[in-house]
Structures are given as C-alpha cells and as structure tokens.
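Colleague: 3D model of this:
(2 chains)
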Amino acid sequence: MTLAFTIARCRQAAVGVLATLLWLTVTAAPPSLLDAARGPVDIPATTEPPRLGNAINDDVRRPRNYDLQPPTIPHRVDGYQIDKNFNKCLDCHARGKTDFSQAVPVSKTHYIDRSGKVLEQISTRRYFCNQCHVAQDAVPPLVGNGFEGLEAMAQRELPAAPAAKPKARR
Amino acid sequence: MVKLLKRYWQVIWRPSVHYSLGFLTIVGFIGGVVFWGAFNTALEFANTEPFCTGCHEMRDNVFAELKSTIHYTNRSGVRAKCSNCHVPHDWTDKIARKMQASKEVWGKVFGTIDTPEKFQAKRLELARHEWARFKANDSLECRNCHDYDYMDFTRQSVRAQNMHTTYLANKEKTCIDCHKGIAHRLPYIAPGEAPTDTPGQMVPKPEQQAAAASAPPQR
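Modeller: Here you go, the predicted model:
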C-alpha cells in the first residue's frame, strides 16, 4: 500500500513539475538571439566592426612576459601570404635566410615534429606563424592585469639573494 | 598571281592623273594623323583595366588577388592598374611587349589557362617570365613611381632602411628580387628557388642578358 501511495505521489509531483515548466516556457519572454562573441547585437543585425589599428612597426624586440611565451611581432604583417604555396614570414625568418635578412631565426623547436623527429624544414604544426605570434597595437589594455613574471617575484621575495641568479628565460 | 601583283605595282608607281600633288599631300597628312590617333587610341584601350579584366582568366585569378593589396586599395587612393606594372611606358618597349602579347591571345583562344587548375599549374612559369622581365630592365615599372632618388629612408622602418641602404643602394639587387608576390599571390616554389634565394640576384649586365636570351631559363 505504501509503495502504491509513493508511486502515486511521485506521479503527481512529476505532473506538477512538468506543468510548471510548461507554464514558464509559455509565459517567459522569448530570449533574444544573442551571440556573446558578436557583442550585444541581434543575430540578424549588423555589428559595427572595431576600428582597425596600425600595428607597431619599430622592430624593437619586446621581452617575453613569461617563460615559453611566443614572442610578439615588432613589425607590421598586413597582407603577408601564409598558405600552402608560400610563407612570407619564413622568407626572412627561416634559419637558412637569416644571414641575409638579419631577422630573428625561427626557434629550433619549430623544426621538430610531434614525434620528436628533427626535420630539415619547419614542422607543419608550426607553419602558421600567426596562430601564436601576433603584431601589437599601441593601445591601452582593455582589461587591467596585475600579472608579474617570476623575475619580479623573485626580486621581491629574495632581496638579499646572491648575484648569481640563473635566468629563467630561454 | 604575278600578273595581278604587277598590275597593282604599276598603279601605285604611276603618277596620279586625277589628283593634284597638294591634294594627295594634305589628304595623306590628315589620313596619317587619323590613322596614328586611332592606332594609339586602340593601343591605349588595350592598356585599360576593363580590357585586361575582360577575360575571366585575369578577372578571376590575378585581378581578384590584386584587389586586397596596397597597389589596388590604400589610405590615399593612389593606385596602380595592370598596365602600370605590366606594360612598359616607353614606346618601343611597349610595342615589343604588345607583340609578345599575341602569345597571350593564342593562350586565350586555345584555353591554356581557362580553369583555375590549369592556371595554378602554369602560374609559376608565367610569373617567372614577368620576374625575368623586371630583372632585365632593373624593375623599371616599379621605378616609374618608386623613385630611389626621392625615397626618404628616415620615413621607412628600420628593416626597410637596412635593406634599401645596402642592397638597393649598391645595385646588388633590384626591386623585384625582394618584392615578389606583392601584388599577386605567390605560387609554390620548390625549396632553394624561393624569391630571395634565386640565383642571379645581381642586376644582369648586357652580355649576361644576351647569354640568358640564347639559353633557355633554367630556374
């Protein structure tokens, strides 16, 4: 008897929940179609594109903020062709070209494929330079950032540390 | 046939019976002006962008690629059209190039590059023809606008200054040696033959040109 009673209560409760859900969906205003990536603009509406910047072109190498950070590009790369036929970046930065171009050579790690084999040309997984390396615009950051690297932290924590301090940067 | 030619030869060679010398001179002069004007107008028409992009081989391939480059659209609106770079401005060179272009008419008629695949397969060869032409005339079509004497190196990036004050200044290289693929996309180039590692970076001397003209290009 108790089992039958419990089942009946459960069914009642389930029907109640379903009814509530149905009522909610009917009465609640239909959510407007917004895509967070496009900003607060309806899907059918046209977004206003951000102003195009003028990338820094001073050729001064910027320090890395943390170990293994892909270095940023200190020059404009507008219209650089990077496709299966040609890679404009490697036209100067490939290791064989740097004696002529005086550009920073591509890291040795970029000549190693995912199984650890050293290749004579750049690995395909490293081919699309601007997946990691980007030019910079001279603009104030949109979001504040209190990040400081290991060196700054070490200097604060160890004020009287001996001078021989290994550099963490590669 | 010989008889017919002989008769026309006599007609041309005999002095005029009905027309005076003055009439013939004036009409000849006016006719010459009209003919020359028409000839040059036709020549100029063949230099216009609508003419170049009138065939789909140009419009869908190289012209489409040009549209996103700085030679087509830029902040100040000064732009180059096809003939600014691909047709010499001097009259004799222009006529020579126009005669070469008859090969392009042949290619159009027989559909040498009438599909994107055919164009891709052939574009390195075609590009090399243009590179060789720029190389031979010391990038004259670049220099028609980009005059070395008026370049303000202080307004260039450090990179550009380094290159232009050395390789361009000492004439070791000419514009096209480094600036290949600025107006159109580059095709696949085998390793060791890429734009900056092609042999013959030097501007060719006249005797080298003659040697290059007699031997087929190996690059």
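
Colleague: pull the longest helix from chain B.
Modeller: helix B:21-45 (DSSP state H).

Colleague: any stretches of chain B with poor pLDDT?
Modeller: Along chain B, segments meeting pLDDT under 70 span B:191-219.

Colleague: got it, and chain A?
Modeller: Ranges of chain A meeting pLDDT under 70: A:1-32, A:159-170.

Colleague: give me the most central residue, it.
Modeller: Centroid check for chain A by Cα atoms, centre = their mean gives A:C132 as the closest residue, at 7.7 Å.

Colleague: C-terminal to the longest helix of chain B, what's the next element?
Modeller: For helix B:21-45, the succeeding helix or strand toward the C-terminus, using DSSP states H and E, is helix B:49-52.

Colleague: buried stuff in that following helix?
Modeller: Across helix B:49-52, burial judged by 16 or more other Cβ atoms under 10 Å in any protein chain shown covers B:C52. Quick note: C-beta positions are derived from backbone N, CA and C, even for glycine.

Colleague: one step back: chain center to the longest helix of chain B: distance?
Modeller: Offset of helix B:21-45 from its chain centre (Cα atoms, centre = their mean, to the nearest Å): 27 Å.

Colleague: who are the packing partners of that helix?
Modeller: Using 3 or more Cβ pairs under 8 Å, 6 or more residues apart in numbering or on different chains; DSSP states H and E, no helix or strand is in contact with helix B:21-45.

Colleague: who touches it?
Modeller: Contacts to helix B:21-45, defined as Cβ atoms under 8 Å, 6 or more residues apart in numbering or on different chains, come from residues B:16, B:51, B:94, B:98.

Colleague: in contact with the residue nearest to the centre of chain A, which residues?
Modeller: By Cβ under 8 Å, 6+ apart, the neighbours of A:C132 are A:P70.

Colleague: around chain B, pick out the residues from chain A.
Modeller: A:57-59, A:75-76, A:79, A:81, A:83-86, A:88, A:91-92, A:96-97, A:100-102, A:121 (Cβ under 8 Å from any Cβ of the partner chain).

Colleague: PyMOL command to pick out the buried ones of those residues?
Modeller: The PyMOL command for the buried members of the residues of chain A next to chain B (criterion: 16+ other Cβ under 10 Å) is given here:
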select buried, chain A and resi 57+75+81+86+88+91+92+97+101
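
Colleague: from the residues of chain A next to chain B, which land in helices?
Modeller: A:91-92, A:100-101.

Colleague: and stretch A:113-125, end to end?
Modeller: 7 Å (Cα to Cα, to the nearest Å).

Colleague: starting at the chain centroid, how far to that stretch?
Modeller: How far stretch A:113-125 lies from its chain's middle: 23 Å, per Cα atoms, centre = their mean.

Colleague: one step back: what is the nearest of the contacts of helix B:21-45 to B:T174?
Modeller: Using Cβ to Cβ, B:K94 is the member of the contacts of helix B:21-45 that lies nearest B:T174, at 20.3 Å.

Colleague: from what I can see the closest one touches B:V87, true?
Modeller: Yes. Using Cβ atoms under 8 Å, B:K94 is in contact with B:V87, at 5.9 Å.

Colleague: how many neighbours does B:V17 have?
Modeller: Residues near B:V17, counting by other Cβ atoms under 10 Å in any protein chain shown, number 5.

Colleague: give me every residue that touches it.
Modeller: B:V17 is in contact with no residue at all, counting by Cβ under 8 Å, 6+ apart.

Colleague: how much space separates it from chain A?
Modeller: Distance of B:V17 to chain A, given as Cβ to the nearest Cβ, to the nearest Å: 70 Å.

Colleague: pretty sure B:K98 sits against B:N47.
Modeller: No. Between B:K98 and B:N47 there is no contact under Cβ under 8 Å: 9.2 Å.

Colleague: looking at those two, which is more packed in?
Modeller: Set side by side, B:K98 and B:N47 show more neighbours around B:N47, with 17 against 14, by other Cβ under 10 Å.

Colleague: give me the distance between the more buried one and chain A.
Modeller: In terms of Cβ to the nearest Cβ, B:N47 sits 26 Å off from chain A.

Colleague: in chain B, which spans are helices?
Modeller: B:2-13, B:21-45, B:49-52, B:56-57, B:63-66, B:82-86, B:91-100, B:102-109, B:116-136, B:140-143, B:158-163, B:175-178, B:206-214.

Colleague: on that earlier part again, okay, B:K94 and B:V87: which has more neighbours?
Modeller: Counted by other Cβ under 10 Å, B:K94 and B:V87 do not tie: B:V87 has more neighbours, with 18 against 15.

Colleague: who touches the more buried one in this structure?
Modeller: Counting by Cβ under 8 Å, 6+ apart, B:V87 touches B:47, B:94, B:97-98.

Colleague: next one: B:I176
Modeller: B:I176 makes contact with B:131, B:134-135, B:139, B:142 under the criterion Cβ under 8 Å, 6+ apart.

Colleague: report all helices and strands that the longest strand seen in chain A contacts.
Modeller: Assignment by DSSP state E gives strand A:39-42 as the longest strand of chain A. With contacts taken as 3+ Cβ pairs under 8 Å, 6+ apart, strand A:39-42 sits against strand A:34-35.

Colleague: starting from the strand it packs on, tell me which strands it pairs with and how they run.
Modeller: Applying DSSP bridges, strand A:34-35 is found paired with strand A:39-42 (antiparallel).

Colleague: list the buried residues in stretch A:100-115.
Modeller: A:101, A:103, A:106, A:110-112.

Colleague: mind putting the residues you listed into JSON lines with distance to B:A169?
Modeller: Below are these laid out as JSON lines (distance: Cβ to Cβ, whole Å):
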{"residue": "A:S101", "distance to B:A169": "17"}
{"residue": "A:A103", "distance to B:A169": "20"}
{"residue": "A:V106", "distance to B:A169": "29"}
{"residue": "A:H110", "distance to B:A169": "33"}
{"residue": "A:Y111", "distance to B:A169": "34"}
{"residue": "A:I112", "distance to B:A169": "39"}
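
Colleague: and which of those is nearest B:Y150?
Modeller: Proximity of the buried residues of stretch A:100-115 to B:Y150 (Cβ to Cβ) peaks at A:S101, which lies at 25.5 Å.
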